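**Q** any chance you could fold what I've pasted below:
(one chain, ligands or ions: 7)
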Amino acid sequence: MFCMFALCLCWWRLAGVFGESVSVTEGDSVTLNTDTQISKDDIRWTFGAENSIIVKIKIKRQNFSTYDGPDGRFRDRLKLDNQTGSLTIMNIRSEHAGDYILLITGINRTIKTFSVSVYARLPVPVLTFSSSQCSPSQYNCSVVCSVVNVSAVSLSWYKGNSVLSSISVSDLSISLSLPLEVEYQDKNTYSCVINNPISNQTTQLNITKHCQTCEGMIAPTCLKQKCSYSNNGLLQVLQTLDLRYC
Ligand SMILES: *[C@@H]1O[C@H](CO)[C@@H](O)[C@H](O)[C@H]1NC(C)=O
Ligand SMILES: *[C@@H]1O[C@H](CO)[C@@H](O)[C@H](O)[C@H]1NC(C)=O
Ligand SMILES: *[C@@H]1O[C@H](CO)[C@@H](O)[C@H](O)[C@H]1NC(C)=O
Ligand SMILES: *[C@@H]1O[C@H](CO)[C@@H](O)[C@H](O)[C@H]1NC(C)=O
Ligand SMILES: *[C@@H]1O[C@H](CO)[C@@H](O)[C@H](O)[C@H]1NC(C)=O
Ligand SMILES: *[C@@H]1O[C@H](CO)[C@@H](O)[C@H](O)[C@H]1NC(C)=O
Ligand SMILES: *[C@@H]1O[C@H](CO)[C@@H](O)[C@H](O)[C@H]1NC(C)=O
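**A** Ligands and ions are numbered 1, 2, ... in the order given. Predicted coordinates:
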């Protein structure tokens, strides 16, 4: 009896070693494929360290059952393909990350482990003009790229296809920001990219738009505006700029 138990444990272990890794973005659906057709064998899906049963397929009784799992966390989220026994987890959340084990009993006994990682949906990077003052002699635009409430991401500035600067966080970070200084007349393409191992979001720098208020000082026509900045970083036009600054 003990031997059988040990053998069984060993099987689980082995299955773990040869498992498949699956990465998915929060809110998406993921399908764990059995890569087989249901024939005469019963199928069982379990989840997590406790091997909680989430699916039982009893072929003889034509009984396809799904279960809500620990804390009911799989309620209304499981879809079963009754031809293959493949399992779809819909609208996935971080609490659904973990190991899923497929067990097909009988002659064609199969054990397969899927290690599912769930990544947060990435926010779109926000660009803000960062200068505390708008001096007529300053020909550069200082921009800050920022994201809030992220974890396990990198934030990078690209010039064309090459990385200019980059920062990474592994734990939850309330706010992450990365500055960039460019000349107003620079014609290169700059973009700020946030990425995790499976996806990315990009915001392209538009000097006209993101450095707007200081543009007047270098533009040939010299816009008659003076800019000022409130504490929260919002731009305001305060008064007409004296033309001798142009
Ligand atoms: C085992 O697999 C073979 C080939 O895939 C299939 O023909 C056979 O029906 C399977 N046996 C059972 C009991 O499902
Ligand atoms: C399927 O099996 C479950 C328990 O394993 C049982 O509660 C349910 O009534 C069965 N359904 C049918 C249609 O036999
Ligand atoms: C399998 O699924 C199809 C369509 O979803 C359904 O029509 C059929 O009755 C199902 N078969 C069993 C055995 O549950
Ligand atoms: C930050 O993330 C947490 C958990 O992911 C979420 O509950 C919270 O609402 C988020 N806050 C903001 C401001 O997005
Ligand atoms: C303007 O930015 C460039 C890099 O884009 C830098 O080399 C230069 O020193 C900056 N000039 C001033 C006045 O800050
Ligand atoms: C962003 O993701 C797309 C595919 O989704 C990929 O083609 C592109 O290279 C990625 N960009 C960066 C900067 O990682
Ligand atoms: C840059 O921003 C300006 C003003 O918002 C807009 O008119 C222009 O089309 C933008 N250029 C690009 C390349 O998106």
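**Q** dihedrals phi and psi, the closest residue to Arg77 other than its chain neighbours?
**A** Among residues not flanking Arg77 along the chain, Met90 sits closest, at 4.9 Å (C-beta to C-beta, 6 or more residues apart in numbering). C-beta: built from backbone N, CA, C; applies to glycine. Main-chain dihedrals, Met90, degrees, to the nearest 10: phi -100, psi 150.
**Q** how many other residues sit next to Met90?
**A** 15 (other C-beta atoms under 10 Å).
**Q** now it: how far from ligand 6?
**A** 22 Å (C-beta to the nearest ligand atom, to the nearest Å).
**Q** ok, that residue to ligand 5 distance?
**A** 47 Å.
**Q** just to check, that residue is in contact with Leu80?
**A** No. Look at Met90 against Leu80 with C-beta atoms under 8 Å: they stay out of range, at 11.5 Å.
**Q** report the contact partners of Leu87.
**A** Taking C-beta atoms under 8 Å, 6 or more residues apart in numbering, we find Leu87 in contact with 31-32, 45, 54-55, 78-81, 100, 102.
**Q** return the subset of the residues you listed lying in strands.
**A** Mapping the contacts of Leu87 onto strands (DSSP state E) picks out 31-32, 45, 54-55, 78-80, 100, 102.
**Q** for Leu180, state which of these is nearest.
**A** Nearest to Leu180 among the ones in strands among the contacts of Leu87 is Thr31, at 40.5 Å by C-beta to C-beta.
**Q** nearest spatial neighbour of that closest one, skipping sequence neighbours?
**A** The shortest distance from Thr31 to any non-neighbouring residue, by C-beta to C-beta, 6+ apart, is to Thr88 (4.5 Å).
**Q** may I have the secondary structure class of the one you found?
**A** Classification of Thr88 using DSSP: H, G, I helix; E, B strand; the rest coil returns strand.
**Q** so Leu80 bridges to which residues?
**A** Leu87 (DSSP bridges).
**Q** for it, grab the count of nearby residues.
**A** By other C-beta under 10 Å, 18 other residues sit near Leu80.
**Q** just Val182 next, same as before
**A** If you count neighbours by other C-beta under 10 Å, Val182 ends up with 19.
**Q** contact residues of this structure facing ligand 6?
**A** For the chain, the residues in contact with ligand 6 (C-beta under 6 Å from any ligand atom) are 193, 195, 200.
**Q** would TSV of those with secondary structure and pLDDT be doable?
**A** Putting the residues of the chain next to ligand 6 into TSV (DSSP: H, G, I helix; E, B strand; the rest coil; pLDDT from 0 to 100) gives the following:
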residue	secondary structure	pLDDT
Val193	strand	98
Asn195	strand	96
Asn200	strand	97
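**Q** among these, name the buried ones.
**A** Buried by 16 or more other C-beta atoms under 10 Å: 193, 195, out of the residues of the chain next to ligand 6.
**Q** closest one of the residues of the chain next to ligand 6 to ligand 5?
**A** Distance to ligand 5 across those (C-beta to the nearest ligand atom) is lowest for Val193, with 18.5 Å.
**Q** who's in contact with the closest one?
**A** Val193 touches 125, 155-158, 200-202, counting by C-beta under 8 Å, 6+ apart.
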